[in-house]
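Chemist: coords please:
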Amino acid sequence: MRTSRILALAFAGALALSACGGDDDSPEDVAEDIEDAIEDGDIEELEDLEDELEDLGDDDGGGGDLPDPCELVTQEDAQGLFGEGIEAQVDGDASGSVGGGESCIWENVDNEELGTPSHLLQVAAYPGEQYYGDSIYEDEEELDIGDKAFLAPSFALGSVDLQFVKDGTTVTISYSVINIGVEEAEQVEASSKQDEVVALAEQAADRM
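Modeler: Prediction:
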């Protein structure tokens, strides 16, 4: 299975918990388990987490008339974020209905090759401000996007997480890069592209 799939589910699960107020599982605790497993290269542990994360993000409701996240952030946009010469593709397994909303997950074509940075960009739209998850972050920075917005350090892997609300719809953007087996000189840090993620969010809000 792909590590990017697990990270996408972790993000969706955290949003589902923040929206419904669940307290049986902490998004921060789950994220820490994922981070530890990735640092240790423990693929079996990552696979064991998948079922738990799917339960966290499970929701029978669909997204209704929500905007298509794949149109809010396009393939061209994702490729621009990932970097020159890196081809983006949709992760078909992780796109569609998730946690009560609609999601689109972009990843680089060669993300499964050992020694290659694995880019993951998740864009999702949710029906209501209750999905605005600033409560699960610390030290978030308010942004002037839509009706309200914030940028925050990720709860895992140093990724860039951003959320905004426009016309009652909550849009989330999360970008991370996994560098398992990647030479230090070739590693990519998602945090170095924070300004680019903000620009993508501004563009997405204009497209709504």
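
Chemist: so what's the spatially closest residue to Trp106 that is not a sequence neighbour up against?
Modeler: Leaving aside its sequence neighbours, Trp106 sits nearest to Ala78 (Cβ to Cβ, 6 or more residues apart in numbering; 3.8 Å). C-betas here are computed from N, CA, C, even on glycine. For Ala78, the contact set (Cβ atoms under 8 Å, 6 or more residues apart in numbering) comprises 88, 106, 119, 121.

Chemist: among those residues, who's most crowded?
Modeler: The most crowded member of the contacts of Ala78 is Leu121, carrying 28 neighbours; neighbours defined as other Cβ atoms under 10 Å.

Chemist: give me the mean pLDDT for whichever strand or helix holds it.
Modeler: Assigned by DSSP states H and E, Leu121 falls within strand 118-127. Here strand 118-127 scores 91 as its mean pLDDT.

Chemist: CA atoms of it as CSV?
Modeler: What follows is strand 118-127, C-alpha atoms only, in CSV (Å, rounded to 0.1, in the frame of the first residue of the first chain):
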residue,chain,number,x,y,z
SER,A,118,6.9,11.3,-2.4
HIS,A,119,4.7,14.4,-2.8
LEU,A,120,1.2,14.4,-1.5
LEU,A,121,-1.3,17.3,-2.0
GLN,A,122,-4.8,16.8,-0.6
VAL,A,123,-7.5,19.2,-1.4
ALA,A,124,-11.0,18.7,0.1
ALA,A,125,-14.3,20.6,0.4
TYR,A,126,-16.7,20.1,3.3
PRO,A,127,-20.4,21.2,3.7
